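Quick one, structure for this:
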Amino acid sequence: MAARAVAREQLAGAARAALGGGRRLEAVERVAGGSKKGVYRLVMDDATTVIAYLWADAENYWPAAEGDDDLTDPFSPGLGLDLFEAAHARLDALGVRVPAIRLVDRDGAHYPADLAIVEDLPGENLEEVLARDPRAAAPVMARLGEALEAMRRHRASTYGKVAVVDAGGTSRGTSCEGVVLERALRDLAEAGARDPRIAGARDRLEERLLGLAAAVRPRTEYAVVHGELGPDHVLVGTDGHPVLIDIEGSMYFDVEWEHVFLRIRLHDAYQPLGVDGLDEDRLAFYTLAQRLSLTAGPLRLLDGDFPNRASMAGIAEYNLRKALELVRA
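Down below sits the predicted model:
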C-alpha cells in the first residue's frame with residue numbers, strides 16, 4: 001500500500017476555504033483511529049481547529065474484496081463523501097448531533113480524493129469518559145438514549161444504507177436477517193480459514209446460525225441505525241451532548257443490530273440505553289453473527305498493514321472466544 005502522506009498545501013487551501021481567509025495552517029495532526037479514511041486535525045495559526053476527512057485509497061487499511069463498491073449491500077464498506085453526506089443529513093434532520101460540515105470537495109478542487117472539512121470536537125469521547133468517571137458519563141448516556149430513540153422512531157419500509165433508501169433505492173436480499181445470515185456464513189468461512197479453533201467448531205457454529213436465523217419472524221419496517229456505535233464513535237461536546245462520528249455506514253435496519261453492538265462494546269455500561277420491545281430471537285441471532293464479524297473482520301484487517309496490530313488481534317481473540325462459548329455444550 002502506498003505511503004500515507006498528507007499534502008500540507010492542499011489541506012491548507014481546503015482549510016482556508018472552509019474557515020475564510022486570514023488564517024495560516026500551522027499543523028496537521030493525524031487523529032487516532034480510523035481504518036477506512038484518513039482523519040486529520042488542522043490547526044491554524046490563531047488556534048482555530050477543524051477536522052479533515054480524506055477518503056483516499058492510501059488511507060484505507062482494509063484489503064480490497066469483491067463487492068466493496070456494491071451500495072445495495074447494507075454491509076459493504078461505508079466509503080466516500082456521498083454516504084457521509086446522506087447519513088449526516090438524515091441524522092441531523094432527526095436532531096442527532098453530528099459534526100457540522102464546513103466544506104465538501106468531491107471534484108478535486110483541493111485534494112485528489114473525496115474530502116470533507118468538519119467541526120472539531122477536541123474533548124473526550126464516551127469511551128474515555130466512561131473509563132475516567134462513569135458518573136460523569138451518566139448525562140451523556142441519557143442524551144445518547146434520546147438520540148437512539150429518535151433514530152428508532154424514524155422508519156422506512158425497506159432496509160439498506162441511508163444513501164440508498166433515502167434516494168428511493170432498494171437493497172439486495174429479501175430481509176435483514178437474510179443479509180445477516182449470508183454475511184455471518186461468509187465471516188465464519190473467513191475466520192475458519194485463519195484460526196483452527198473456528199475451523200474445528202465450524203459445523204456447530206453454522207448449525208447454530210441456521211437455527212437462530214430460522215426462528216426470526218418477518219418484519220416490514222426498519223429504523224435508522226449507526227451500525228457500529230461503539231463508545232469511541234461518540235464524542236462528547238463541550239455542552240455535554242453526544243456527537244456521533246464515523247457515520248458513513250448508517251442504514252435502515254433492525255434496531256436489534258444496533259443494540260447488540262452496543263451491548264458488546266459497552267458491557268455493563270449499556271444498561272441506561274436498554275429499551276423495551278426488542279425481538280429476543282433477533283438479539284440471539286445477531287449476537288452470534290456479530291461475534292463472528294468481530295472475529296473475521298479484525299483478522300482480515302491484519303492481512304494488511306494496519307498499524308495498531310495488538311489491539312486488533314485482541315478484539316479478534318476476545319470475540320472468537322465469545323463465539324465459541326455460544327456453541328459450547
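
all contacts plus neighbour counts: C-alpha atoms, from now on.
OK.

Name the residues of stretch 45-52 that are buried.
For stretch 45-52, burial by neighbour count (16 or more other Cα atoms under 10 Å) applies to Thr49, Val50, Ile51, Ala52.

Let's have those residues in CSV, adding secondary structure, distance to Ala137 and pLDDT.
Listed next are the buried residues of stretch 45-52 as CSV, based on DSSP: H, G, I helix; E, B strand; the rest coil; distance: Cα to Cα, whole Å; pLDDT from 0 to 100:
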residue, secondary structure, distance to Ala137, pLDDT
Thr49, strand, 25, 96
Val50, strand, 25, 97
Ile51, strand, 24, 97
Ala52, strand, 27, 96
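
quick check, nearest of those residues to Gly249?
Nearest to Gly249 among these is Ala52, at 18.2 Å by Cα to Cα.

Enumerate every residue touching that closest one.
Applying Cα atoms under 8 Å, 6 or more residues apart in numbering to Ala52 gives the contacts Gly38, Val39, Tyr40, Arg41, Leu42, Leu115, Ala116, Ile117, Val118.

Export the buried residues of stretch 45-52 as TSV, with columns for distance to Ile247.
Below are these laid out as TSV (distance: Cα to Cα, whole Å):
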residue	distance to Ile247
Thr49	21
Val50	18
Ile51	15
Ala52	15
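
Tell me which two in those are the farthest apart.
For the buried residues of stretch 45-52, and using Cα to Cα, no pair is farther apart than Thr49 and Ala52, which are 9.9 Å apart.

which residues do those two both contact?
Common contact partners of Thr49 and Ala52 (Cα under 8 Å, 6+ apart): Arg41, Leu42.

any idea how far Gly78 is from Ala193?
Using Cα to Cα, to the nearest Å, Gly78 is found at 25 Å from Ala193.

So for the two, which residue has more residues nearby?
Per other Cα atoms under 10 Å, whichever of Gly78 and Ala193 has more neighbours is Gly78, with 21 against 13.

I figured that one hits Glu248, correct?
Yes. Here Gly78 reaches Glu248: they are 4.9 Å apart, a contact under Cα atoms under 8 Å.

I am finished for the moment; much appreciated.
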